[in-house]
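Enquirer: I need the structure of the sequence given here:
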Amino acid sequence: MDDLRLILLLIGATVILGIYAWSRFQNMPGKHKPRRTAATKQRNEAPDEAVVQQELRRMQQVISDEDAAATPAAVATTYREEVLVLSVVAADEQPFNGEALRKAFANNNLIFGDKAIFHRLVRQHGEDVSVFGVANLFKPGHFGSGDLNDFSTQGITLFLQLPAPIDGMEAFDDFVHTAERLAVELGGQLQDQNHCVITHQALMQKRENLARSRLRTPIAS
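Expert: Got it, this is the predicted structure:
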């Protein structure tokens, strides 16, 4: 997009300079000017300013069209407030032990932190900000001190609140990918907030619904 913008601006500058040079050439003192017909005079004496403005408008329209096609440049994407919940539940009533949880959390870059739960963190303005959290599915809902040495649970739950600190679709994709990986690594069953088994296809349908629910509003200038 930057290359196209530069090319268009260079073309526009060339057109403007050409018009200016031709105007100066036509008005040079002592220059022999051929006899012009009425039609020729009409062509050669077209208002320079109108031509320049027309070319500038054309370039701006092309740039605007490209911006709109590539990405909504002057548009902010927001989401209706929503909390998404996925759980990974132990199969056959065999609880997840601390060692398995520690390894799975580490493999997925989940960090122990606020409220004694694990988080997906991003760095913003010099601070770590939570994108989504992973809690104990059962009371008291946290992981104690976080060392997990003597810890076990029948399930964990992931929750994502939208709007998120990062783009909502990016947050959702990371949220789902992490939940699915935890289910595989822990040998658990992925369930929705109603404790029903949820498939990848259902999650992708949820993604489509989320994309459609996005509210696009112009950025205030």
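Enquirer: CA only for contacts and neighbour counts going forward, please
Expert: OK.
Enquirer: hang on, isn't residue 175 packed against residue 160?
Expert: Yes: here residue 175 lies in contact with residue 160, judged by CA atoms under 8 Å, at a distance of 7.1 Å.
Enquirer: so for those two, which residues contact both of them?
Expert: Overlap of the contact sets of residue 175 and residue 160 (by CA atoms under 8 Å, 6 or more residues apart in numbering) consists of residue 132.
Enquirer: got any ranges where this structure has weak pLDDT?
Expert: Using pLDDT under 70 as the threshold, the predicted model of the chain has low-confidence ranges 1-79, 215-221.
Enquirer: what segments of the protein are helices?
Expert: For the chain, applying DSSP state H gives helices covering 2-26, 38-44, 48-70, 98-107, 168-186, 200-213.
Enquirer: would you map out the domains in this protein?
Expert: 2-73, 76-218 (automatic domain parsing).
Enquirer: check contacts around the nearest residue to residue 160 once chain neighbours are set aside.
Expert: Once its chain neighbours are removed from consideration, residue 160 has its nearest residue in residue 132; the separation is 4.7 Å (CA to CA, 6 or more residues apart in numbering). Residues near residue 132 by CA under 8 Å, 6+ apart: 119, 120, 121, 158, 159, 160, 161, 175.
Enquirer: isn't the fifth one up against residue 85?
Expert: Yes: between residue 159 and residue 85 there is a contact under CA under 8 Å: 4.5 Å.
Enquirer: burial of residue 204, as a residue count?
Expert: The number of residues packed around residue 204, counting by other CA atoms under 10 Å, is 13.
Enquirer: with adjacent residues omitted, what lies nearest to residue 123?
Expert: Of all residues not flanking residue 123 in the chain, residue 129 sits nearest, at 6.2 Å (CA to CA, 6+ apart).
Enquirer: so what's that neighbour bridging to?
Expert: Each beta-bridge partner of residue 129 is listed here: residue 122, as defined by DSSP bridges.
Enquirer: pull the contacting residues for it.
Expert: Applying CA under 8 Å, 6+ apart, one finds that residue 129 lies in contact with 121, 122, 123, 165.
Enquirer: columns distance to residue 206 and neighbour count on top of the residues you listed, output as CSV?
Expert: Conversion of these to CSV gives the following (distance: CA to CA, whole Å; neighbours: other CA atoms under 10 Å):
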residue, distance to residue 206, neighbour count
121, 23, 19
122, 24, 14
123, 27, 10
165, 20, 16
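Enquirer: out of these, which comes closest to residue 142?
Expert: Here the nearest of the contacts of residue 129 to residue 142, counting by CA to CA, is residue 121; it sits at 17.3 Å.
Enquirer: could you report the neighbour count for residue 127?
Expert: Number of residues near residue 127 (other CA under 10 Å) recorded here: 9.
Enquirer: can you pull the contacts of the nearest residue in space to residue 185 that is not next to it in sequence?
Expert: Leaving aside its sequence neighbours, residue 185 sits nearest to residue 104 (CA to CA, 6+ apart; 6.3 Å). Residue 104 sits next to 182, 185, 186 when contact means CA under 8 Å, 6+ apart.
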